[in-house]
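> fold the stuff below for me.
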Amino acid sequence: MSREIDYGNLMHQAMRGLIQNVLNDVAANGLPGDHHFFITFDTMHPDVEIADWLSDRYPDEMMVVMQHWYDNLDVTNDGFSVTLNFGDTPEPLYIPYDAIKTFVDPSVEFGLRFESQDDELPDEHEAPMDEMVEEPDDDAPQEAEIVSLDSFRK
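Residues are numbered from 1 along each chain as shown. Purely as a prediction, here's the structure:
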């Protein structure tokens, strides 16, 4: 029987651990400096807990921002809960790490994107990864780099 190392899932676990460590630090010490997070998640994930009006408004995915005001940040091994303000209406949310699609901290140009196994893989006619690397234009404003983990999957 042939056994393979599942690098894609191992990378996802490591990156979710990174998010957990960052959120634990923020829960203990607050957001330092200009750090803030844009977190996009799957609102249809079975373990997501959000108000009905939010799931009605965002039936597939939702992006939340943790920046100036957040409350009750509680980080666990499976996900985190936080209360955020939606137009002067504080709403508690629970987001499991498995539901996160993107995690971006634009203050330091850092970002992660999690792609599911169902997402389309590049077809064999596309350029190999080493041919797709572009040299940055030093005069152009730099955007946050988002790391796609599917490039590590077979």
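> which non-adjacent residue is nearest residue 45?
residue 99 (3.6 Å; CB to CB, 6 or more residues apart in numbering). Where C-beta positions appear, they are placed from N, C-alpha and C, glycine not excepted.
> pLDDT score for that neighbour?
Model confidence at residue 99, given as pLDDT, is 94.
> next SSE downstream of the longest helix anywhere in the chain?
Assignment by DSSP state H gives helix 7-29 as the longest helix of the chain. Counting by DSSP states H and E, the next helix or strand C-terminal to helix 7-29 is strand 37-42.
> which secondary structure elements does the very next helix or strand once past that next one sit against?
Counting by DSSP H and E, the element after strand 37-42 in chain order, helix or strand, is helix 52-57. Judged by 3 or more CB pairs under 8 Å, 6 or more residues apart in numbering; DSSP states H and E, helix 52-57 is in contact with no other helix or strand.
> tell me the strands beside the following helix or strand past helix 52-57, with direction?
As assigned by DSSP H and E, the chain's next helix or strand after helix 52-57 is strand 61-66. If you go by DSSP bridges, strand 61-66 pairs up with strand 37-42 (antiparallel).
> fine, thanks again, bye for now.
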